[in-house]
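[1] next comes the sequence, and after it the predicted model I'd like to discuss.
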Amino acid sequence: MISVAEHRRRILETVRRLAPQQVPVTQAQGCVLAKDVEALVPLPGFDNSAMDGYIVGAADVAGLPAPDSADSAEASDAPEGAGQPVRLPVDGDIPAGDTRQLRLEPGHAYRIMTGAPIPAGGDVVIPVELTDGGTEYVTLHAADAPGRHIRRAGEDVHAGDIVLRAGTVLGARQLAIAAAVGAGELSVYPRPRVVCLSTGDELLPPGSVPGFGQVVDSNGLMLAAALREAGFDARAGGVVLDTEEAVTAALDAALADADAIVTTGGVSMGAYDAVKAALSSLGTVAFDKVAMQPGKPQGFGTLGEREVPVFTLPGNPVSALVSTEVFVLPALRTMAGLPVEPAPPPRARVLDGWPSPPGRAQFVRVIVEEAQAEPWMGAASGTAGPPGPSLRSAGGQGSHVLQALADADALAYVPADVTRVEPGDLLGYRRLGQQGWAAE
Ligand SMILES: Nc1nc2c(c(=O)[nH]1)N[C@H]1C(S)=C(S)[C@@H](COP(=O)(O)OP(=O)(O)OC[C@H]3O[C@@H](n4cnc5c(N)ncnc54)[C@H](O)[C@@H]3O)O[C@H]1N2
Ligand code: MOO
């Protein structure tokens, strides 16, 4: 038997980051940038209005009171005539998207909308609330200092600025700035494409009601979904019969476009273990017993000229998912240019206890009990944080037990030398089905 760490090391020493590709900015979500993104244009791209209102020259509104003093203007000791409303002719509307390069004449106004370009000669925007809202003529009651309510070209980003650095993971906010500064395509490490093959004569496609001796292929669906949840382009490749020929043909077909292949089933000691049979004469896949529960029978190697990594996982559903979390996801993250693990695993105290097999690391399906369900916006700043969460077993820990797997929030890790977990013990755990990677 080899250790979990040894098997992981062998996998991580074999897989390589995929070659960078140019992809449209609309398809780059979740990818890691391979090159810095430089702004083609400044942000904002032009001086524009932050309010719906009127754009006027500073000299025309110099005598108006500031908005917050408008009500008390008459009582002030301002000179005669100061504070009186100003009436200006309105030369037209400037809506957002107006590409005319307009000039504002002294003594005139334009009605202007939020986001619309400021005409030459315009100094200050008077929000519509401080006016009578006129369209031919407008009466203005108050005015701010010049520049107010104008968003200046380049105040956010200058043309030529690096807005995103190579290595950044492209999430929603990063995609927004890349698109805003005019990027059409980005150089990224692509998301690995993965095919998940389910081997077994007993398997029926999802949607079937199984008869005696039959089992629905839940693995293909589950693993492809888990990999997609983690940000990869995974698909279930369907059921493959337990013959060497069927497995060889399915692997050949998957090799056409997959960057990695995951199989489940057919890797233990059975007389019909077709995956072992097919791969013994193909590629570099080696089969090992790994000191873990569940997930003991494992195979890994590469296939074909592109040296596509192949993970042959055990067929028991819990074993397949645990193997995916422990071996497949770190490998795919490496191929995608991401850190091997999304973040250091948190640790929490165990509420109950359970036995753990001697000499094997145990991956336990657990419920994470939050100590305090406080909405994040309700937390008062400057006070001591709430106590951390606790862990309890999600139920049956057999490698066929789907209910506890479905109910669990996380996998807790019990080192190989521990034979019993006691209430109050501290265990590291990893949330299941969670995204949210941090860039290095
Ligand atoms: N004599 C021994 N027998 C077994 C050993 C061993 O060391 N000596 N190891 C056991 C362990 S541990 C595991 S894990 C399993 C792994 O077996 P295989 O990878 O060969 O998987 P199968 O035999 O094909 O299936 C096991 C189990 O899982 C169900 N299964 C398979 N594929 C799917 C699927 N796509 N969706 C849902 N369920 C699936 C299958 O029906 C079986 O019940 O071997 C032990 N045996
Ligand atoms: O190792 Mo198997 O994966 O326990 O059931």
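    All right, it came through fine. Numbers count the residues shown, from 1 in each chain. Ligands and ions are numbered 1, 2, ... in the order given.
[2] the nearest residue to Val247 once chain neighbours are set aside: what secondary structure?
    The shortest distance from Val247 to any residue other than its chain neighbours is 3.9 Å, reached at Ala278 (C-beta to C-beta, 6 or more residues apart in numbering). Quick note: C-beta positions are derived from backbone N, CA and C, even for glycine. Of the three states, Ala278 takes helix under DSSP: H, G, I helix; E, B strand; the rest coil.
[3] tell me how far Ala278 lies from ligand 2.
    When C-beta to the nearest ligand atom, to the nearest Å is applied, the distance between Ala278 and ligand 2 equals 20 Å.
[4] Gly388 too?
    The separation that Gly388 has from ligand 2, given C-beta to the nearest ligand atom, amounts to 30 Å.
[5] for that residue, helix, strand, or coil?
    Here Gly388 is coil, with the state taken from three-state DSSP.
[6] same question for Gly154.
    When classified by three-state DSSP, Gly154 comes out as coil.
[7] quick one, what contacts it?
    Residues near Gly154 by C-beta atoms under 8 Å, 6 or more residues apart in numbering: Pro42, Leu43, Pro44.
[8] residues near the last one, how many?
    Put plainly, it is Pro44. In terms of burial, Pro44 registers 19 neighbours under the definition other C-beta atoms under 10 Å.
[9] what's the spacing between it and Ser280?
    Distance, Pro44 to Ser280, using C-beta to C-beta, to the nearest Å: 63 Å.
[10] and if you look at the second one?
    Using C-beta to C-beta, one gets 58 Å for the distance from Leu43 to Ser280.
[11] who has more neighbours, those two?
    Just comparing Leu43 and Ser280: by other C-beta under 10 Å the higher neighbour count belongs to Leu43, 19 against 13.
[12] is it correct that the more buried one is in contact with Gly182?
    No: the pair Leu43 and Gly182 fails to qualify as a contact (C-beta atoms under 8 Å) at a distance of 9.7 Å.
[13] what about the residue in the stretch 201-350 of the chain that ligand 1 sits nearest to, neighbour count?
    In the stretch 201-350 of the chain, the residue found nearest to ligand 1 is Gly315; the distance is 2.6 Å by C-beta to the nearest ligand atom. Residue neighbour count, defined by other C-beta under 10 Å, stands at 26 for Gly315.
[14] can you tell me the SS state at it?
    Under the three-state scheme (three-state DSSP), the conformation of Gly315 reads as coil.
[15] with Leu88 instead?
    strand.
[16] so what's it closest to, chain neighbours aside?
    Across the structure, with C-beta to C-beta, 6+ apart as the measure, the residue nearest Leu88 apart from its sequence neighbours is Ala109 (4.3 Å).
[17] would you confirm that that neighbour contacts Tyr54?
    Yes: at 4.5 Å, Ala109 counts as touching Tyr54 under the criterion of C-beta under 8 Å.
[18] shared neighbours of the two, which are they?
    Counting by C-beta under 8 Å, 6+ apart, the contacts common to Ala109 and Tyr54 are Leu88, Val90, Val138, Leu140.
[19] which pair in these spans the largest distance?
    The two members of these with the most space between them (C-beta to C-beta) are Val90 and Leu140, at 10.9 Å.
[20] which residues do the two both contact?
    Tyr54, Ala109.
[21] between those two, tell me which one has more neighbours.
    Leu140 (21 against 16).
[22] what's around Ala179, how many residues?
    Residues near Ala179, counting by other C-beta under 10 Å, number 14.
[23] again but with Ala286, I slipped
    When counting by other C-beta under 10 Å, one arrives at 14 neighbours for Ala286.
[24] now swap in the one 3 residues further on and tell me
    Here the count is done by other C-beta under 10 Å, and Lys289 has 14 residues near it.
[25] need the nearest residue in space to it, chain neighbours excluded.
    Met1 (4.6 Å).
[26] and the one you found, what does it touch?
    Contacts of Met1 were listed using C-beta under 8 Å, 6+ apart, and they are Asp288, Lys289, Val290, Ala291, Lys296, Gly359, Arg360.
[27] which of these sits closest to Gln101?
    Top of the list for closeness to Gln101, among the contacts of Met1 and by C-beta to C-beta, is Val290 at 68.9 Å.
[28] my read: that closest one touches Ala5, true?
    No: in this structure, Val290 sits apart from Ala5 without contact. The criterion is C-beta under 8 Å, and the distance is 9.8 Å.
[29] quick one, which of those two is more surrounded?
    Looking at Val290 and Ala5 with other C-beta under 10 Å, you find the greater number of neighbours at Val290, namely 24 against 12.
[30] now the more buried one: how far from ligand 2?
    As defined by C-beta to the nearest ligand atom, Val290 lies at a distance of 8 Å from ligand 2.
[31] check contacts around that residue.
    Counting by C-beta under 8 Å, 6+ apart, Val290 makes contact with Met1, Ile2, Ser3, Val4, His7, Lys296, Pro297, Gln298.
[32] phi, psi of it?
    Phi and psi for Val290, reported as degrees, to the nearest 10, are phi -110, psi 140.
[33] for the residue nearest to His158 when sequence neighbours are not counted, the count of nearby residues, please.
    Nearest-residue entry for His158: Pro42, 5.4 Å, with adjacent residues in sequence omitted and distances by C-beta to C-beta, 6+ apart. For Pro42, the tally of surrounding residues (other C-beta under 10 Å) stands at 18.
[34] cool, Arg191 as well?
    If you count neighbours by other C-beta under 10 Å, Arg191 ends up with 27.
[35] show me which of the contacts of Gly154 is closest to ligand 2.
    Leu43 (52.6 Å).
[36] measure that closest one to Pro24 for me?
    The separation that Leu43 has from Pro24, given C-beta to C-beta, amounts to 20 Å.
[37] can you pull out the helices in the stretch 251-400 of the chain?
    In the stretch 251-400 of the chain, the helices defined using DSSP state H, counting those that start in this stretch lie at 274-279, 317-323, 329-335.
[38] reformat these as TSV; add distance to Ala249 and mean neighbour count.
    Output for the helices of the stretch 251-400 of the chain, formatted as TSV (distance: least, C-beta to C-beta, whole Å; neighbours: other C-beta atoms under 10 Å):
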stretch	distance to Ala249	mean neighbour count
helix 274-279	9	23
helix 317-323	22	26
helix 329-335	25	22
